[in-house]
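**Student:** Prediction below, plus the sequence it came from.
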Amino acid sequence: MSSLATSRRTAERTATSPSQFRPAPSRRSRDNLTGWGFAAPFLAFFLIFLVWPLLYGFVMSLTGKSLTGANDSLIGLANYAEALADTAMWRSLGNTLYFTVISTVPLVIVALVMAALLNVGLPAQWLWRLSYFAPYLLASTVVSLFFTWMYNPQLGLINDSLSKIGLPKVAWLNDPNVAMWAIVIATLWWTVGFNFLLYLAAMQNIPHQHYEAASLDGAGAWRQFFSITLPQLAPTTVMIVLLQILASLKIFDQVYQMTAGGPSGSTRPVVQYIFETGFTGYRLGYSAAVSYIFFGLIVIVSVMQFVITRRRSA
Amino acid sequence: MKQIDFFAGKQVTRRQLLAGSAALGSVFAAAGLTGCGGSASAAAVQDIAFWHLLSGGDGIKMQAMIRQANEGNPGFTVHPTVLAWGPPYYTKLAMASAGGRPPELAIMHASRVPGYAPGGLIDPWDMSLLAEHGVTAESFAPRIWDKSQHDGQVFSIALDSHPFVMFYNTEVAGKAGVLTPNGQLQDVGSPQEFLSMAREMQKVTQAHGLSFGYLGSGSQMWRLFYTLYKQHGVDMELTPGQSMKADRDAAIESLEFMASLFDDTIAAQSGDISTGIAEFARGSSGMLFSGVWELPTLKKAGLPVDAATIPTLYGTPAAYADSHSFVLPRQLNDDDEKRRSVYKFVSDVLKGSLSWAEAGHIPAYQPIVQSQAYRELTPQIHYANAADIIAYDPESWFSGSGSDWQTYFAENVQNVLLGRDKAADGWDAFVQRTNTLLSRPNPV
């Protein structure tokens, strides 16, 4: 980066060295002012709704602040110390990571498969695209309600179908070993359409000549997929994985509505734990500390992702 | 850029645009003033904001009671806001009070008051003002009145008590031969007697003897557990900074009995609240453990339904219960006149609570309970004795109806009820979770 910047500066110097081409200082500062003017609305929003809450939240995490206004004094890092020793927090953090891992993999692979199937040129493309993407447009409440009924142990469609083919009933949302998977299935159905669209767009951008040349060389469909399609999709895959990890880390809505974190706390994500300690448990300071620990985790994931991406593109 | 292309073919100068906006602004301002004038002319009627969490049949009854009070008092109009039961309601109420924008009046479960009173989110009641309308301490049953106090002050005025009871299908019970000559369910005095009565009913329904939906619901599990626990004649205490005081043996025995119910003969192993109620309502079981608020639903189902308190299985009559109570969220600016209207409204609703009793609840206001009209309400009168044996949640800032504490109970106990964990392990884990809460700084 530094070499690029240096060369640009040199170029600017060369271009502006003859005095007749140097812009008048007043004009330049006016341009600057106009620029700031255009940026001001965004900057104001950024400062008020992002930077200020970020700082305020951090200061709050150093206090014993309560929703009722009690214990407003600074207590240093006590909240952080308590959080690090809090098994319930670690458990919710573990649940979040578990969900992220087991949801990201199918959400990327299924999207890729769906896009590849559609890309081979099925008739009525618009219908496929619509039916794959339509669930993404539904509200989380609708999806949760819908799946809660499907998963109902006594009256649900899924258990009914299972018993018709002679399989035992499953306590989808009531078995700690199954509940997270049930939520992953619902999430997959609901959100896979977005990744699918990204993949489809990327696939349709791969030059057709590559496939023609490969066919002439005698490459079959699988060979073409693994040697042309997948490598060409690499940047898209990296982007999808990154977006998906960040989206999965923020899991809250469907869990809160389908299991409320149960059974036995097996699905409670860290966002729900933050909500519970802060708003129903009144401990805003402690809740802020847990949020900052979670924030730290997201930063670590993002940095790792950034490093991996850079190494690949280098 | 001196001029702005506004519409094709027509150019407007910046000066004209500014003048236009100013004119438009003044039109809106004028409209605003008219609006203010409109409400100012009706200022004689006080608007009272009232938040509650009563939905379904309860909500309709409450709406009718509010309408009646409004019609009888031209000086004020009560505007109710209904919020979803549980954490959403209590979170919003706490935040509104802490943020200085609370309603003038709200309904709370009496068991949640210890989480609100010490932090200054609600104000105490002035009993002399209520006495002006004929409502005094003597208007309430002793247990309910005791619960309305906190640190020597009255923080809540109970509208009712709503215990956890047992509904039964008289037709099924009759065929099972477990009815007394007066048509009510036989008394049973031990867990074994109860189980054999349930098995007799199962023989009639061919499905289950008892319906009790509990999966995924900490409240349901807690209601039955606490009823059975208190029937052992023991207490539970939650004091911040100390370990939870509870009788471990009684707790484990209660949990083991609950687990023994879910054998798919006496009761379905995997039933949530809605499937439990639906099962009883279609006659596939003889009994239902539920809250009294379920009565309108069961009556509507056309069942031959009667009710009683949950049988005393461990020697001491007890029933888990809570009360819908009126509280005064703390106001930033006291308005004495408005407060007086609130007192009048509350006393009117208490005096009209016979219609509330029709929804299944036991009225807190004794003149109603002692009235002939209430005595004629069946099956309400068959569990009215619950008011003398009710047990509220142990007091702390984190306990009570719809609290996270009940969720933590479910987290540790659901696997016991499903037969996956030992009762002792589930109970000990719950005690440990509770002790963690007690060891933390008290936020109220």
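**Tutor:** Happy to help now that I have it.

**Student:** starting at the chain centroid, how far to stretch B:300-312?
**Tutor:** Taking CA atoms, centre = their mean, to the nearest Å, one finds the center of stretch B:300-312 at 20 Å from the center of the full chain.

**Student:** pLDDT of that stretch, averaged?
**Tutor:** Average pLDDT, stretch B:300-312: 94.

**Student:** Touching that stretch from outside, list them.
**Tutor:** Contacts of stretch B:300-312 with the rest of the structure, by CB atoms under 8 Å, 6 or more residues apart in numbering or on different chains, involve B:163-171, B:183-185, B:187-189, B:194, B:224, B:227-228, B:231, B:280-283, B:289, B:292, B:295, B:298-299, B:317-319, B:378-380, B:382-383, B:385-386, B:389. Just so you know, the C-beta spots here come from the backbone N, C-alpha and C atoms, and that holds for glycine as well.

**Student:** May I have the distance across it, first residue to last?
**Tutor:** Taking CA to CA, to the nearest Å, stretch B:300-312 runs 29 Å from one end to the other.

**Student:** Only the buried residues of it, if you could.
**Tutor:** Neighbour counts over stretch B:300-312 (16 or more other CB atoms under 10 Å in any protein chain shown) mark B:303, B:305, B:306, B:307, B:308, B:309, B:310, B:311, B:312 as buried.

**Student:** now residue B:189: how far from chain A?
**Tutor:** From residue B:189 across to chain A, the span is 32 Å (CB to the nearest CB, to the nearest Å).

**Student:** what's the answer for residue B:346, then?
**Tutor:** Counting by CB to the nearest CB - residue B:346 and chain A are separated by 24 Å.

**Student:** Return the residues in contact with residue A:182.
**Tutor:** Per CB under 8 Å, 6+ apart, neighbours of residue A:182: A:147, A:151, A:172, A:173, A:258.

**Student:** Please produce a markdown table containing those, extended by secondary structure.
**Tutor:** Formatted as a markdown table, those follow (DSSP: H, G, I helix; E, B strand; the rest coil):
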| residue | secondary structure |
| --- | --- |
| A:147 | helix |
| A:151 | helix |
| A:172 | coil |
| A:173 | coil |
| A:258 | helix |
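
**Student:** Give the ChimeraX command for selecting the buried subset of the residues you listed.
**Tutor:** In ChimeraX, a selection of the buried entries from the contacts of residue A:182 looks like this (16+ other CB under 10 Å):
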select /A:147,151,172,173,258
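
**Student:** Among the contacts of residue A:182, which ones lie close to chain B?
**Tutor:** By CB under 8 Å from any CB of the partner chain, the members of these lying near chain B are residue A:173.

**Student:** about what we covered before: list buried residues within the contacts of stretch B:300-312.
**Tutor:** Neighbour-count burial (16+ other CB under 10 Å) applied to the contacts of stretch B:300-312 gives B:163-170, B:184-185, B:188, B:194, B:224, B:227-228, B:231, B:280-281, B:283, B:289, B:292, B:295, B:298, B:317-319, B:379-380, B:382-383, B:386, B:389.

**Student:** low-scoring pLDDT stretches of the chain, where are they?
**Tutor:** Since you didn't name a chain, this refers to chain A. A:1-25, A:70-71, A:312-314 (pLDDT under 70).

**Student:** hmm, I had chain B in mind actually
**Tutor:** Looking at chain B by pLDDT under 70, you get B:1-43.

**Student:** Keep only those of the buried ones among the contacts of stretch B:300-312 that are in helices.
**Tutor:** Among these, the subset assigned to helices under DSSP state H consists of B:170, B:194, B:224, B:227, B:228, B:280, B:281, B:295, B:298.
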